[in-house]
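1. coordinates only, sequence not included:
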């Protein structure tokens, strides 16, 4: 029968029972007949080639066995028709009311369309050879047909001059190199080239964390070395999985590297691990002259962290170094200069930990139940723990200027928050 040799595909059995009593003597299903012979000369044919053997009747001639129905053939009424929804192929034969199909047993018979689930495929599963490399959806990042030779020269310039003092004659050369890299870093190929060069990453992270307040005051935003370094790093790994993976490979070594001392400091070399994690905490006093500069430095750091935290390895390190506490400290700042930074932090937290549609891997954070409000209200170190986020967001959302980002974040956090465990007393 038609369904006994199905190719394990879902089929739709379409039974056309348009046989009226008035036309019963005329329809093809009125009585069984032997398979039809080749079409006679009077039969209207459809021919798509010059080969007569490839012609077929315009009106489908049914037999007691299923035959393929061409798309441009006319089907007479009263036939048993089935359609393969996977291939679109239609087959038909003479309708036999006494014919029983075990595949339809238990299904309603007063429906003109019946959906039959096929068995699970057995032999169609791809067989992966032992030792085959893991599947990479991105594939190999191909070089452009015409490489930009200025890119590699700019990369060398950044590596050579990133720690040169601002009074150096080479500062203009460094600026030009950063501008060139910023233009090209958006492409996957050039982003990968930057991420694979550990020395270039070291140089760019040193520029990012330099915190030169004098440069911030004297130069336009888009001309500052730290801003350009931030843009280059963020663009290189944003939506570029191969680049992020390459950066992961040298991440531990980068964190242990040192950078030249920041101007107007105690001339001590800076360790990148401290600069990237600890310096995220706001420390300036509200309304102080240094607060605006600190908010700016936080801005360019957040731009890079947004991409870095897509890495499970870097995300884990960030959390281990009180990264989420520092995020909360930023959210708790009340001065207007922090408003854009707070909205940015809210989006990063959502996309990294809470919103699966935004790329978050769920279950990483939060991992504990809500802390009692009385503990969070007291302040101190405990008030910055992850169980107090709801308490603080409830308070923050009361301010109309913050409710636009705080309320959605609060609602999503409540959905992801683990419930408090219930402890039943042992029965005696």
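-> That came through fine. These numbers were taken from a predicted model, which means no experiment stands behind them.

2. make it CA atoms for all contacts and neighbour counts henceforth
-> Fine.

3. tell me the contacts of residue 302?
-> 344, 345 (C-alpha atoms under 8 Å, 6 or more residues apart in numbering).

4. now it: phi and psi?
-> Per-residue torsions, residue 302: phi -60, psi -30 (degrees, to the nearest 10).

5. any idea of the mean pLDDT in stretch 189-209?
-> Along stretch 189-209, the predicted local confidence has a mean pLDDT of 96.

6. any buried residues in it, and which?
-> Judged by neighbour count (16 or more other C-alpha atoms under 10 Å), stretch 189-209 contains these buried residues: 189-196, 198-209.

7. residues contacting that stretch, please?
-> 141-144, 155-156, 158-159, 162-163, 184-185, 225-227, 229-230, 233, 235-237, 240, 242-244, 246-247, 250, 254, 257-260, 272, 275-276, 297, 300-301.

8. how far does it sit from the chain's center?
-> In terms of C-alpha atoms, centre = their mean, to the nearest Å, the gap separating the centre of stretch 189-209 from the centre of its chain is 24 Å.

9. out of the helices and strands in this protein, which is least certain?
-> Ranking every helix and strand in the chain by mean pLDDT, DSSP states H and E puts strand 11-15 at the bottom, with a mean of 39.

10. out of the contacts of stretch 189-209, which are buried?
-> Buried residues within the contacts of stretch 189-209, defined by neighbour count using 16+ other C-alpha under 10 Å: 155, 158-159, 162-163, 184-185, 225-227, 229-230, 233, 235-237, 240, 242-244, 246-247, 250, 254, 258-260, 272, 275-276, 297, 300-301.

11. quick one on the thing from earlier: inside helices: which ones of the buried residues of stretch 189-209?
-> Among the buried residues of stretch 189-209, the subset assigned to helices under DSSP state H consists of 189-196, 198-208.

12. so which bits of stretch 74-90 are buried?
-> In terms of neighbour count (16+ other C-alpha under 10 Å), stretch 74-90 has its buried residues at 75, 77, 78, 79, 80, 81, 82, 83, 84, 90.

13. show me the contacts for the most centrally placed residue in the chain.
-> Within the chain, one residue has its C-alpha closest to the average C-alpha position: by C-alpha atoms, centre = their mean, that is residue 359, at 4.8 Å. Each residue near residue 359 by C-alpha under 8 Å, 6+ apart is listed here: 351, 352.

14. repeat that for residue 180.
-> By C-alpha under 8 Å, 6+ apart, the residues touching residue 180 are 150, 151, 154.

15. what is the nearest of the buried residues of stretch 74-90 to residue 310?
-> Ranking these by separation from residue 310, with C-alpha to C-alpha as the measure, puts residue 84 on top at 43.0 Å.

16. next, give phi and psi for the closest one.
-> Backbone geometry at residue 84, expressed as degrees, to the nearest 10, gives phi -90, psi 110.

17. check what pLDDT it gets.
-> In this prediction residue 84 is given a pLDDT of 84.

18. any idea how far residue 201 is from the nearest residue to residue 176 once chain neighbours are set aside?
-> Closest residue in space to residue 176, ignoring its immediate chain neighbours: residue 154 at 7.8 Å, by C-alpha to C-alpha, 6 or more residues apart in numbering. Distance from residue 154 to residue 201, counting by C-alpha to C-alpha, to the nearest Å: 13 Å.

19. residue 419 now?
-> 42 Å.

20. got it, and residue 228?
-> Residue 228 is 13 Å from residue 201, where distance means C-alpha to C-alpha.

21. go on, residue 50?
-> The spacing between residue 50 and residue 201, counted by C-alpha to C-alpha, is 68 Å.

22. next step: the buried ones among the contacts of stretch 189-209 restricted to helices.
-> For those, the ones inside helices are 155, 158-159, 184, 225-227, 229-230, 233, 235-237, 242-244, 246-247, 250, 254, 272, 275-276, 297, 300-301, with DSSP H as the criterion.

23. shaky segments in the stretch 101-250 of the chain?
-> By pLDDT under 70, the low-scoring segments of the stretch 101-250 of the chain are 101-126, 133-139, 163-169.

24. now with 80?
-> Low-confidence regions of the stretch 101-250 of the chain, defined here as pLDDT under 80, cover residues 101-139, 162-170, 213-214, 216-217.

25. ok, and the closest non-adjacent residue to residue 328?
-> Counting by C-alpha to C-alpha, 6+ apart, residue 328 lies nearest to residue 384, which is 6.9 Å off, once chain neighbours are set aside.

26. neighbours around that neighbour, how many?
-> Per other C-alpha atoms under 10 Å, the neighbour tally for residue 384 reads 19.

27. just the pLDDT at it, thanks.
-> The predicted local confidence for residue 384 comes out at a pLDDT of 97.

28. distance check, it against residue 378.
-> Here residue 384 is placed at a distance of 11 Å from residue 378 (C-alpha to C-alpha).

29. residue 371 too?
-> The value you get for residue 371 to residue 378, if C-alpha to C-alpha is used, is 12 Å.

30. these two - which one has more neighbours?
-> Neighbour totals were compared for residue 371 and residue 378, and residue 371 leads with 18 against 10 (other C-alpha under 10 Å).

31. quick check, the more buried one in a helix?
-> No. Counting by DSSP: H, G, I helix; E, B strand; the rest coil, residue 371 is not part of a helix but coil.
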